[in-house]
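Q: Got a sequence here, can you build the structure:
(one chain, ligands or ions: 1)
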Amino acid sequence: MKLTPQQIATFSRKGYLSPIPVMEAEEIVRIRAEFDRLEAEEGREKSQIGLLDRHLDRSFVWDIARDPRILDSISSIIGPNILLLGTHFFCKYGPSHRFVAWHQDVTYWGLEPPDALTAWLAIDDSDTENGCMQVIPGTHTTGIHEHGKSEREGNLLSINQELTMTPEDEARAVDMVLRAGEMSLHHGMLVHGSLPNPSTRRRCGLTLRYIPTSVRQVKLNSHGKRYTAILVHGEDREQHFEEIASPVFGN
Ligand SMILES: O=C(O)CCC(=O)C(=O)O
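A: Residues are numbered from 1 along each chain as shown. Have a look, this model is predicted:
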């Protein structure tokens, strides 16, 4: 759905919006069953943060990535010409000490300007008991900060990055409580992370990374790579990215 002017104003002030209803109950039940199959094939260890860009080989992920309800919200913020930069499941099994350290998404993505928007779609209910994502409102306006390495064991982030936040900042953190089928949106510079999942319930979310076609990649990303992208809305007049074809799935 298109966002209202009020929602857009809230997003630009706080750097996030949540919760936004997207899927009907039966749709997310079907999507969860697809994820369960993928998880069973890949195993739990890999499913934590090792399921990257599966829109390229799983039609259910590709269908979510170009779902008009999601893209309408995205286009309300970044405009009509939208590239999908990647998709990534974040799955925390409980009880476990694994967590996601405070970070800003775009720090190691090499984008200029660093305008990226993430939709975090809840595959499972995500709440304070199973380690939902947390954000620190307004931090998207304070620039990109130097990240260090986390000294705490259990950080799920790929290069163990961590932004040290003051206790005052941490006290301002907001929980992104979502029911399965709802999403939150966060700005690429917003500081966010998540605590361990002490419960026995899985907490799985699918992140969808979108950028306007006007953005360039001026440095390699943290994996030493240039991104490829897929046009999912509007047109790409700038052609800053190597665009790859939309995946095609048989029935
Ligand atoms: O799912 C989480 O706990 C963190 C997600 C995250 O870090 C991200 O969307 O970049």
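
Q: From now on I want contacts and neighbour counts done on CA atoms only, so please keep to that.
A: Fine.

Q: T128 in helix, strand or coil?
A: coil (DSSP: H, G, I helix; E, B strand; the rest coil).

Q: hang on, isn't it packed against R179?
A: No. Counting by C-alpha atoms under 8 Å, T128 does not reach R179; the two are 11.7 Å apart.

Q: quick check, I28 in a helix?
A: Yes. Counting by three-state DSSP, I28 is located in a helix.

Q: For it, grab the count of nearby residues.
A: 19 (other C-alpha atoms under 10 Å).

Q: Who's the closest spatial neighbour of it, skipping the chain neighbours?
A: Excluding the flanking residues, the one nearest I28 by C-alpha to C-alpha, 6 or more residues apart in numbering is G181, at 5.4 Å.

Q: Run a quick neighbour tally on the one you found.
A: 24.

Q: just the one 10 residues further on next, same as before
A: When counting by other C-alpha under 10 Å, one arrives at 26 neighbours for V191.

Q: what do you get for the one 4 residues further on?
A: L195 is surrounded by 20 other residues when neighbours are defined as other C-alpha under 10 Å.

Q: Let me see the contact set for it.
A: For L195, the contacting residues are R98, F99, V100, A101, G131, C132, M133, by C-alpha atoms under 8 Å, 6 or more residues apart in numbering.

Q: ok, and which of those residues reach the ligand?
A: With the criterion set as C-alpha under 6 Å from any ligand atom, the members of these near the ligand are V100, M133.

Q: Pretty sure A245 sits in a strand.
A: No. Counting by three-state DSSP, A245 is not part of a strand but coil.

Q: I'd say it and L84 touch.
A: No. Using C-alpha under 8 Å, A245 makes no contact with L84, being 11.5 Å away.

Q: These two - which one has more neighbours?
A: L84 (23 against 11).

Q: Noted, bye for now.
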